[in-house]
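# This is a predicted model, with the sequence first.
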Amino acid sequence: MKLVVRVKLLPTPEQAAALEATLRAVNDAATWVSTLAHDQRVFRDYDLRKHAYGQIKDRYGLAAQAAQHVIKKVTDAYATLHANLRNGNVGKPGSARRERVQAKPIVFRPSAAQPFDDRCLSWQMDARTVSIWTTWGRMKSVAFTASADQLKTLAAYRKGESDLVYRDGMWFLIATCDLPDVPVTDPDGFLGVDLGIADIATTDDGTHHSGKGLNAVRHRDRELRRRLQRKNTKSAKRLLKKRRRKEARFAADTNHTIAKRIVTEATRTGQGIALEVHVQGDGVRVI
């Protein structure tokens, strides 16, 4: 079972500058490789390496592993785009939207996330620091903070790549952990869960998980955004930017808390969980 653990980095100003320069360099390189892939119509990882690998190292001064990760990031992005095209997610063939998407290469933001493998990134769990490759050289003793549970999971199960992420002025590492699969047993019945708006979830044993608090926060934030947008001052724009993900984080935390309560109850009683989905014309269908 794959699980991701996000830890917050606490870099010094010099380390933060090196991380920022690194993200900018690898994403500039990714945009250049993307343009090359689009123009040459070369989207397979192996084929694109032959066209771009040497030039990336010369143009942007990237290490060998970083250059390979840049190429893989580009091929993965185009694989996702082509899957969306096949599934019709960007419009029907011949539509203006589809033609617009296909006409331009993928562009990577200067601060887009970048994967690092164990050759570019090493963890010192006891010291709570990491050593990470940057375009300014190897940055050692970059501090990070994590909960006791996160540290335990990282120490026991971390495996594979970790993504360097810059968001809202903060630095994060998102590490992949490979946990052993939990043995599957036959449930003793099912706990039905009906999803809604007024009540986020209602179980068939009569337990209601209310969405009243979440809806109140959404209403309050909507009114606050309206007032700040009307003011349109620099301070209002700063506050809007600061709060832009706060509501989403609160909603995610609320949903996660409710989900954990339902899973805990189902585990305690040995039951499985069945979601009750209302389908117009068919009544209630349980999946």
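Okay, I see it. Residues are numbered from 1 along each chain as shown.
# Let me know the secondary structure of residue 202.
strand (DSSP: H, G, I helix; E, B strand; the rest coil).
# Angles on the backbone of the spatially most central residue of the chain, please.
Centroid-nearest residue in the chain: residue 174, 8.3 Å away (criterion: CA atoms, centre = their mean). In terms of degrees, to the nearest 10, the main-chain angles of residue 174 are phi -110, psi 110.
# What distance do you get for it to residue 93?
36 Å (CB to CB, to the nearest Å). Where you see a C-beta, it was placed from the backbone N, CA and C, and this is true even at glycine.
# Pull the residues that contact the helix or strand where residue 81 lies.
Element membership of residue 81 [criterion: DSSP states H and E] is helix 64-86. Helix 64-86 is contacted by residues 26, 29-30, 33-34, 37, 43-45, 48-49, 52-53, 56-57, 62, 90, 98, 101-102, 106, 108, 114-117, 119-120, 133 when judged by CB atoms under 8 Å, 6 or more residues apart in numbering.
# Okay, now the unreliable bits of the chain?
When residues are selected by pLDDT under 70, those of the chain lie in 277-287.
# ranges for the strands of the stretch 51-200 of the chain?
Along the stretch 51-200 of the chain, the segments classed as strands by DSSP state E, counting those that start in this stretch run 114-116, 121-124, 129-134, 137-145, 158-167, 170-178, 190-195, 199-203.
# Out of those strands, which one sits most buried?
Comparing the strands of the stretch 51-200 of the chain by mean neighbour count (mean count of other CB atoms under 10 Å), strand 114-116 ranks first with a mean of 22.
# Tell me the strands beside that strand, with direction?
strand 158-167 (antiparallel) (DSSP bridges).
# now the strand it pairs with against strand 170-178, angle please.
Angle of strand 158-167 versus strand 170-178, following axes from the mean of the first three to the mean of the last three CA atoms, to 10 degrees, is 160 degrees.
# can you list contacts of strand 158-167?
Contacts for strand 158-167 (CB under 8 Å, 6+ apart): 5-6, 19-20, 22-23, 111, 113-117, 121, 123, 132, 171-178.
# Flag every buried residue along the helix or strand containing residue 31.
Here residue 31 sits within helix 13-40, counting by DSSP H and E. Buried residues in helix 13-40, defined by neighbour count with 16 or more other CB atoms under 10 Å: 15-16, 18-20, 22-27, 29-34, 36-38.
# Number of residues surrounding the nearest residue to residue 170 once chain neighbours are set aside?
Distances taken as CB to CB, 6 or more residues apart in numbering put residue 8 closest to residue 170, at 6.3 Å, once the chain neighbours are dropped. By other CB atoms under 10 Å, 12 other residues sit near residue 8.
# Quick check: bridge partners of residue 8?
residue 145, residue 172.
# which ones are touching it?
144, 145, 146, 170, 171, 172.
# Hmm, the fifth one is touching residue 18, no?
No. When contacts are counted by CB atoms under 8 Å, residue 171 is not listed as touching residue 18 (11.0 Å).
# any common contacting residues for the two?
Contacts common to residue 171 and residue 18, judged by CB under 8 Å, 6+ apart, are absent.
# Using neighbour counts, pick out the buried residues of stretch 259-274.
Buried residues in stretch 259-274 (16+ other CB under 10 Å): 262, 266, 271, 273, 274.
# Of the residues you listed, which belong to helices?
262, 266 (DSSP state H).
# so how far is stretch 4-24 from its chain's centroid?
17 Å (CA atoms, centre = their mean, to the nearest Å).
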